[in-house]
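Colleague: Need the 3D shape of this:
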Amino acid sequence: MSFSIRSIRKSCLRTQLLAIRLLKDRRGIAATEFAVLVPVMLAMFFGTVEFSSAIAIKRKVTTMARTAADLTSQASVVNDTDLANFFAASLGILTPYDSTPTNTTVSELYVDPVSGDVRVEWSKGAAPRAVKSKVVIPTGLISRDPTTNAILANQYLIFSEVNYLYKPVVDYAMRSLVTIPMSDVAYTRPRQSTCVFYPATPSPATCPVL
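Modeller: Here you go, the predicted structure:
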């Protein structure tokens, strides 16, 4: 009986000593911490890369919309070749990012001074709007008489729209599943004439009124 008790005591003492040695043994702690922290660090790194790229592309999309509208508004008459060149110039802004998932459309809008409706005179691009279709624009873009508040006649606007599907820059398993739609619009007034004629200047050169 005493032998058994003595054996049990020795076993307990040995277990306690092993437990103390285990608690004091710090070998492998660095590897364990590294294994725990690496996934978090990688997620933060790739998340920062993706977020920065998305912000950069969103700014480029805005610049593209402004460029397409600005180039069109500087002409008094445009044709398909001119518009194709304008689209190509605005598309170059996306460099070095992928420009494939980009849709750009430029339209000329007419503001009806009687009804206040804004309608499409002409539209060209990836997703052209129907002629005479209505477009909602910010009310601040419609000029009014400061005395009577009546809508002024002969108001035309060049309206550009850019849509882009952003895909993660880092090539990982979710790339084919994750896309973020980005878009922006821009409005400019014709600079060389009351309106921008498309595809040619009519005779007499009178801006169309829908």
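Colleague: Taking the centroid of the protein, which residue is nearest it?
Modeller: The structure's the chain has its C-alpha centroid closest to Met182; by CA atoms, centre = their mean the separation is 2.8 Å.
Colleague: Quick check: it is in a strand.
Modeller: Yes. Met182 forms part of a strand when assessed by DSSP: H, G, I helix; E, B strand; the rest coil.
Colleague: my guess is it contacts Tyr166, does it?
Modeller: Yes. Taking contacts as CB atoms under 8 Å, Met182 lies within contact range of Tyr166: 5.5 Å. From N, CA and C alone the C-beta is placed, and that goes for glycine too.
Colleague: ok, longest helix in this structure?
Modeller: Secondary structure of the chain read by DSSP state H shows that its longest helix is helix 29-73.
Colleague: Packing partners of that one?
Modeller: Packed against helix 29-73 by the contact rule (3 or more CB pairs under 8 Å, 6 or more residues apart in numbering; DSSP states H and E) you find helix 80-91, strand 102-111, strand 155-166, strand 180-188.
Colleague: Can you check what angle separates the shortest one from strand 102-111?
Modeller: To tie it back to what came earlier, the one meant is strand 180-188. Inter-element angle recorded for strand 180-188 and strand 102-111: 30 degrees (by axes from the mean of the first three to the mean of the last three CA atoms, to 10 degrees).
Colleague: Now do strand 180-188, average pLDDT.
Modeller: Mean pLDDT, strand 180-188: 95.
Colleague: and that strand, what other elements does it pack with?
Modeller: Helices and strands touching strand 180-188, by 3+ CB pairs under 8 Å, 6+ apart, are helix 29-73, strand 155-166.
Colleague: how about a cut-off of 10 Å?
Modeller: helix 29-73, strand 102-111, strand 155-166 (3 or more CB pairs under 10 Å, 6 or more residues apart in numbering; DSSP states H and E).
Colleague: And the residue nearest to the centre of the chain, how far from Ile151?
Modeller: Using CB to CB, to the nearest Å, Met182 is found at 33 Å from Ile151.
Colleague: and what of Tyr97?
Modeller: Remark: distance between Tyr97 and Ile151 (CB to CB) = 41 Å.
Colleague: So Thr62 sits against Asp184, correct?
Modeller: Yes. Using CB atoms under 10 Å, Thr62 makes contact with Asp184 at a distance of 4.6 Å.
Colleague: Now the common contact residues for the two.
Modeller: Val162 (CB atoms under 10 Å, 6 or more residues apart in numbering).
Colleague: Can you give me the buried ones in stretch 193-207?
Modeller: 195-198, 207 (16 or more other CB atoms under 10 Å).
Colleague: roughly how far is stretch 125-143 from the heart of the chain?
Modeller: Its chain's C-alpha centre and that of stretch 125-143 lie 20 Å apart, by CA atoms, centre = their mean, to the nearest Å.
Colleague: For that stretch, measure first residue to last.
Modeller: This stretch, stretch 125-143, spans 27 Å end to end (CA to CA, to the nearest Å).
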